[in-house]
Structures are given as structure tokens and as C-alpha cells.
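Trainee: The sequence isn't on hand, but the structure is:
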């Protein structure tokens, strides 16, 4: 079975870049540019891993992570330009 990844990032160009790169390694890659759409896709597709941006519109990545953790233990990789120690610890 081919692993499925879900990328939730509001940067459509970055989503496409990551999707193209990861597909070359045999992954099925789903993307969402809005947190609500990402959470909906997560429920519908049941991916094996989420790559989650921290700085998202309306709901930041930390909040999206909290929502995901209410119902799932899916692995999450936090994708961020933030480097503050407090952000790293929170993530």
C-alpha cells in the first residue's frame, strides 16, 4: 500500500513543490491551503502523515494540531519558518 501524505499549508506554490518532490519518492500527496479544508481532507482520506504549516489563516497550525489530536495519533511534521524556542516547545 502506498503511503499517503497530507500537506496543510496556505502557500499553494510550496504545496505544489512539496507534492511534486514527494511524489517522485512514491508517496500519494494530498494538499490543502486552508485549515478547514485540511481537516476535512484528513477525515475523508485518512493519510499516514500530515505536514502542517504553523502560520495559517483563521486557525494557526498549533490549533489545527490540537484538533487533530482530539481524534487521531497520526504523525505530524510541523513546517515553519519560526525558530523561537517557545514555538519549538509548543510544536
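Mentor: Received, thanks. Because the structure is a prediction, the values reported are computed rather than measured.
Trainee: what separates stretch 35-50 from the chain centre, distance-wise?
Mentor: 8 Å (Cα atoms, centre = their mean, to the nearest Å).
Trainee: before we move on, what about stretch 16-36?
Mentor: 9 Å.
Trainee: Ok, stretch 57-68 next?
Mentor: 10 Å.
Trainee: So which residues make contact with that stretch?
Mentor: 8, 10, 34-36, 38-39, 42, 50, 52-56, 74, 76, 78-80, 90-91 (Cβ atoms under 8 Å, 6 or more residues apart in numbering). Bear in mind the C-beta positions are built from the backbone N, C-alpha and C, glycine included.
Trainee: Could you rerun that using 6 Å?
Mentor: 10, 35, 52, 53, 54, 76, 90 (Cβ atoms under 6 Å, 6 or more residues apart in numbering).
Trainee: What subset of those is buried?
Mentor: Taking 16 or more other Cβ atoms under 10 Å as the criterion, what is buried in the contacts of stretch 57-68 is 10, 35, 52, 53, 54, 76.
Trainee: could those residues be laid out in CSV, adding pLDDT?
Mentor: Formatted as CSV, those follow (pLDDT from 0 to 100):
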residue, pLDDT
10, 95
35, 97
52, 96
53, 94
54, 91
76, 97
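Trainee: Out of the residues you listed, which sit inside strands?
Mentor: The strands, defined by DSSP state E, take in 52, 53, 76 from the buried ones among the contacts of stretch 57-68.
Trainee: Isn't the second one up against residue 11?
Mentor: No - with contact defined as Cβ atoms under 6 Å, residue 53 does not reach residue 11; the gap is 7.4 Å.
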